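Colleague: please find the sequence and the predicted model below.
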Amino acid sequence: METGQKTFQTNSNIDKLLNKILSIQVSLNGLSFCILNTESNSLTHYSNIKFDKVLSPNDVLYQLKTHLSTNKVLQQDFEKVHLIHENELSTLVPKPLFNEDHLADYLKFNNKILSNDYITHDELAQNDIVNVYVPYVNINNFLYDAYGTFEFNHFSTLLLNTIFLIHKGKKETTMYINISENHFEIIVMNGTKLILYNTFEYQTKEDFIYYILFTAEQLELNPENFPLVLVGNISENDNLYNMAYTYIRHVSIHDTELSFSLDFENRQAFKSNFVLQHSF
């Protein structure tokens, strides 16, 4: 990991908290933070910031520093810090074809990358897949200075690993959709095989259903037959659910069973962030 000059001071008066884990999700659209108390098995803090527009990585770093400097609950040493990089600079590579010396070659076909971009990879939990991606190095450097050693993954790594668990034991071809405010991910599983993973931006419910039906058509999936499972920022009878149910016969919302309790007020906002829920 690359490191830079120390720019953030933790509160030296607070003893190291060996029973708390901090998870941070970073994107160019916003930031999310949550703290899990492993002793009480409860989530004790959740906060998020939505930007008015898409920011540059440097501007995101400024927002991150500002939020941390004004929230004392985040100014402490944690047993573990986990960073989630959410961006489109990633691609999946079959493990038998993976060569760590050619990371840039995997990305350059469907992403615009720079010669000095730092590229890394995650190994997925199953299916012999490697996720190659570009993390926000300036964020990594800052968090290393602020908290010391920490773990980081790409957003899609956590999402896919969670879907693998949900789909475990199912044989029929199933489409899963993780819904966020301005984008959604489509994952198609057939038994233990990952058939497709892609992310789409949308503004209207018509955009939403168009990409679903287009994907189904390309994979020769009959809307009368295949199960469509929705997760994330979705609830029954909202516009996206109703639109999906109009065109797809079998639509359901996966009810995530959290392994910890929620000890804060804005619970619904946290429950709409599917990936952050499964970052512990």
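Modeller: Perfect, I can see it now. It should be emphasised that the depicted structure is a prediction, and the values quoted were computed from it without experimental measurement.
Colleague: residues contacting the residue sitting nearest the centre point of the chain?
Modeller: Taking C-alpha atoms, centre = their mean, the centroid of the chain lies closest to F155, which sits 3.0 Å from it. By C-beta atoms under 8 Å, 6 or more residues apart in numbering, F155 lies in contact with 25, 27, 84-87, 275. From N, CA and C alone the C-beta is placed, and that goes for glycine too.
Colleague: what do you get for F274?
Modeller: Contact partners of F274, counting by C-beta under 8 Å, 6+ apart, are 159, 162, 178, 231-232, 256.
Colleague: filter those down to the ones in helices?
Modeller: Residues of the contacts of F274 located in helices (DSSP state H): 159, 162.
Colleague: and the two most separated of the contacts of F155?
Modeller: The largest distance within the contacts of F155, taken as C-beta to C-beta, falls between N87 and V275 and amounts to 12.9 Å.
Colleague: for the two, indicate the residue with more neighbours.
Modeller: V275 (24 against 19; other C-beta atoms under 10 Å).
Colleague: helices or strands up against the worst-scoring helix or strand of the chain on mean pLDDT?
Modeller: Ranked by mean pLDDT, DSSP states H and E, the weakest helix or strand in the chain is helix 267-271, scoring a mean of 82. The helices and strands touching helix 267-271, judged by 3 or more C-beta pairs under 8 Å, 6 or more residues apart in numbering; DSSP states H and E, are strand 42-50, helix 274-277.
Colleague: helix, strand or coil: sort out S279 for me.
Modeller: Following DSSP: H, G, I helix; E, B strand; the rest coil, we place S279 in the coil state.
Colleague: buried sites along the least confident helix or strand of the chain?
Modeller: For helix 267-271, the neighbour count (16 or more other C-beta atoms under 10 Å) marks 270-271 as buried.
Colleague: roughly how far is it from the heart of the chain?
Modeller: In this view, helix 267-271 has its centroid 15 Å away from the chain centroid, taken as C-alpha atoms, centre = their mean, to the nearest Å.
Colleague: just name the most buried of the helices and strands packed on helix 267-271.
Modeller: Among the helices and strands packed on helix 267-271, helix 274-277 has the highest mean neighbour count (mean count of other C-beta atoms under 10 Å), at a mean of 23.
Colleague: CA-only coordinates of that one in CSV, if you can.
Modeller: Presented in CSV, the C-alpha positions along helix 274-277 are these (Å, rounded to 0.1, in the frame of the first residue of the first chain):
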residue,chain,number,x,y,z
PHE,A,274,-27.0,-3.8,1.0
VAL,A,275,-23.3,-3.9,0.6
LEU,A,276,-22.5,-2.0,3.8
GLN,A,277,-24.7,-4.4,5.8
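Colleague: make residue 1 into 447 and carry on from there
Modeller: Happy to do that; since the first residue is 447 now, the last one works out to helix 720-723.
Colleague: cool, thanks, signing off.
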